[in-house]
Each structure stands twice: as structure tokens, then as C-alpha cells.
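*Asks:* Everything below, folded, please.
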Amino acid sequence: MKQTITPCRVQGRIQLPPSKSMAHRLMICAGLADGTSRVAGLRDSKDMQATLQCLKALGARVTGDFPVLEIAGCNPVCRTEPATLDCNESGSTLRFMIPCAALSAAPAVFTGRGRLMERPMGVYANLFLEQGLRFDQGDGQILVQGPLQPGLFEIPGNVSSQFISGLLFAAGLMQGPTELAVLPPYESRDYVTMTVSALQTFGITVNQPTDHGYVIPGGQSYLPRDVQVEGDWSQAAFPAVLGALKGSVVLEGLNPHSLQGDKVIEDILRQAGVDERWENDSLIVRHPMAGLKPLDVDLGPCPDLGPALCVLASFIPGRSIIRNAGRLRIKESDRIAAMEAELRKWGVDISSTEDTIVIQGRSGYHLDHPVTIDGHNDHRIVMAMAVFGWAAGSPSVIQGTEAVTKSWPDFFQDMTEVLK
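*Replies:* Predicted structure coming up:
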């Protein structure tokens, strides 16, 4: 599919979709609970379907329809039959569910699409090797076979925090106490804080004796709960950047006290001089009268903001630097290479190393011919380049826009509420 993007002004209100990060976590906790939970405020997407299908493969039962699902949980420790878990393209689903599936001695095969099965899994591969367990990655699938045993797990803190979260989901169901020691530097800590919050909501005890360690008593049970998913700060970045560049936008459905790491977009917008404030539980973002200021951003705690921040920096006169961005290279696409390729079509002065992005921005972009953009089968690249096109001075066409179904299927329809 393709979408024509016409330059516009921005004014109006937009309801943000529910947090994909928190939805994954709450659905998994519900799927592991001893009883039936009600998860409200969901929105259908390929990533949500992937997590639900994996929970069903482990024995959970799901009834209802979006935005409210009732999930009757299962205990994966008791699984005796082989299982196949299709994660589609969801890295969160894959890394969260591997330890849960490995609580059983029965084998589990994980499958996926796109680049998913190429994602680095060395953390789990090493842990399984240490316990003498199967972890076979190849031929487009991963086969695991437990049972995982409690004990001390040392996890590098400078790789995906999803490995830490995955072990936290499984730890309370093991028979003995588990200790997770996160080796510094500890990046993306806020995502793990979200996981701990979800676990505690569902009755799982997680102790944190140090800044880099977690101790989880064994033999616990998840308790059924009724929960509501809050708005998504990762997705909020796209309309927020557009409001900062081309007018004003009111973002609804966000939690001003959220644990989501991508809430840091507020701080980044303020650093850039954007006019932003809260009013009646809505966040108002406006283009500043005094102009925008170059960015110097550490992307380590918030890698999902990378594509949107590349767009913002492109329209800020001066030199902006985005540091610790290396994990963007192992997402649905190499997001650094993808953003470089597409922004250069507009004439953006952008360069990178393995871990750093440098953009020499300017106030506007206008070409005498329409630009054809490749979405790289990546939802965040599509949404970021749509924002660029709406903020630019000439039309563009984005190919592969169906990628937004991964996380925000109604992105283009929802954005029409603020495009003028």
C-alpha cells in the first residue's frame, strides 16, 4: 500500500492509542494468572495478536473483542505437549515469551516474520547453555526446551531490556528464588520498571535490593486482575513532533505520571524550546514563537523515539546529535540506515557512526518533484516519514504503509483529525 502525503498545518485533538509496551505486559500477566482477568483499553494490532496467539499456545483462553478482552490464564510450568508460538514481527513478544515457554520440559518452537528471527538472542542462548538446556536458533525459528531452573542470572544491561523482563515474567513461577543481576551500564531501565509494576499489579513479589538487581521469591502465583491500558508515549512522539513543527496539537489519553520510558519525549521537546503544557489531563504541544533549538539526546533509555527525533532534528537549524542509538540497527529494519536513506531524498544533511546520528538541520524542505519514500517494512519509519512529509513544503508518496498495522493500524485515519 502507498499513501500520498500533502504538506499541511496542524491543529486539533488526537486520542493516542493504548501503550503497546504496557499492553504486552498486562496481557502476559493476565495470561499467566490463576483465574480470569479483564484487560481494557486495548487496540488491535499485529503485535497484540502475536502476544495473544503465544499465550493461547501455552494454554490461556481469550474471549471478548478489542478494546476489552477477558483472559483466562494458564500455568506454563504444567505444559506437557509441544507448542508452536508465532511471534509475527514482535520482538517484545519473542523475548518476553521464551522464558515462560521454557518453564516446561516440553519443547516450544518460536516462529516469526521479517527480520525477527535474525534478532540477537545471545543472552538467552548463553543462559540456556549454562543450564544444559536446548536453545537452537536457525532456519527461521528458535526451539527451546526447559525447564529453566531458579538461581542467579547475570544479564548485560547494555542490550535489550526485554531479556530482563522476560526472565522476570518467568521467575516467580519457578520453585526457588531467582536473582537477576544487571551488569552496568544499565540502559532502558524504565522498561523494566514497567514490567515490575505490571507484575506487582498481578500479585507477584519483586524485590530490588540494589539499583542493578532483582530478587524474586519462587513458588508464586499470578492473581487475576481487571486492568486498563494507558495511552502510548512512544506513539505520542509522532503527532507531538508534528505539532512542534507545524502548529499545535492536543494529545489525549496519556498518563502524566506514566512509568513509560518514552515519556522523556516531554523533556526532549522542552530542550528543543517547544511550547508544551498540561491542561485538563491533555498534553498541548505548540510550535514555539522563538524558534527551535538543536538537540543533544541520549537515546539509550528510549530507542523507539529515534525515527521521530530524526525528523524533529531535520527541521531545527543547526547541528543536532543523537547518541547511543546503536540498538536502532537491530529493529524491524536498520532504523539508522533507513532514516538516512529516506531523509537524504529530501536533502537532509544526516550522517552516522555505528552508535551516533548527526543532523545539520534547516527550517524547511521543498523539492520541485514528489519524493517517493520506502517504508522499509517498519511502522516507525513509515510514521516518521509521514510526519516529515506533512511538515515539508512539497508532496511525497510513502510505499509500504501497511507496516503501521504492526502497532497503530489507524495511524493515517487518526491523524486526519489534526491535519488542516
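
*Asks:* and stretch 48-63, which residues are buried?
*Replies:* Buried residues in stretch 48-63, counted by 16 or more other CB atoms under 10 Å: 48-60, 62. Glycine gets a C-beta too; all of them are placed from N, C-alpha and C.

*Asks:* Could you work out the most separated pair of the residues you listed?
*Replies:* The most widely separated members of those are 48 and 59, with 18.8 Å between them, by CB to CB.

*Asks:* Tell me how many other residues crowd residue 216.
*Replies:* 25 (other CB atoms under 10 Å).

*Asks:* Which pLDDT value belongs to the nearest residue to it once chain neighbours are set aside?
*Replies:* With CB to CB, 6 or more residues apart in numbering as the criterion, residue 216 has its nearest non-adjacent residue at 3.9 Å, and that residue is residue 171. Note for residue 171: predicted pLDDT of 98.

*Asks:* so how far is residue 12 from residue 171?
*Replies:* 45 Å (CB to CB, to the nearest Å).

*Asks:* Looking at the two, which one has more neighbours?
*Replies:* residue 171 (27 against 16).

*Asks:* contacting residues around residue 134?
*Replies:* 107, 128, 143, 144, 145 (CB atoms under 8 Å, 6 or more residues apart in numbering).

*Asks:* again, 10 Å this time
*Replies:* 102, 107, 108, 128, 143, 144, 145, 146 (CB atoms under 10 Å, 6 or more residues apart in numbering).

*Asks:* what are the phi and psi angles of it?
*Replies:* phi -80, psi 130 (degrees, to the nearest 10).

*Asks:* And residue 199, by the same measure?
*Replies:* Torsion angles, degrees, to the nearest 10, at residue 199: phi -60, psi -50.

*Asks:* what's the pLDDT at it?
*Replies:* Confidence score, pLDDT, at residue 199: 98.

*Asks:* cool, and residue 149?
*Replies:* 97.

*Asks:* ditto for residue 25
*Replies:* Residue 25 carries a pLDDT value of 98.

*Asks:* Would you mind confirming that it makes contact with residue 18?
*Replies:* No. When contacts are counted by CB atoms under 10 Å, residue 25 is not listed as touching residue 18 (11.8 Å).

*Asks:* hey, what's in contact with both of these two?
*Replies:* Joint contacts of residue 25 and residue 18 (CB under 10 Å, 6+ apart) are residue 229.

*Asks:* between the two, which one's more packed in?
*Replies:* When residue 25 is set against residue 18 and neighbours are counted by other CB under 10 Å, the residue ahead is residue 25, at 28 against 24.

*Asks:* And what about the more buried one, helix, strand or coil?
*Replies:* Of the three states, residue 25 takes helix under DSSP: H, G, I helix; E, B strand; the rest coil.

*Asks:* again with residue 136
*Replies:* Reduced to three states by three-state DSSP, residue 136 is strand.

*Asks:* what's near enough to touch the residue nearest to the spatial centre of the chain?
*Replies:* Nearest to the geometric centre of the chain sits residue 21, at 5.4 Å (CA atoms, centre = their mean). Residues in contact with residue 21, defined by CB under 10 Å, 6+ apart, are 47, 92, 162, 165, 190-191, 194-195, 198, 229, 232-234, 259-262, 304.
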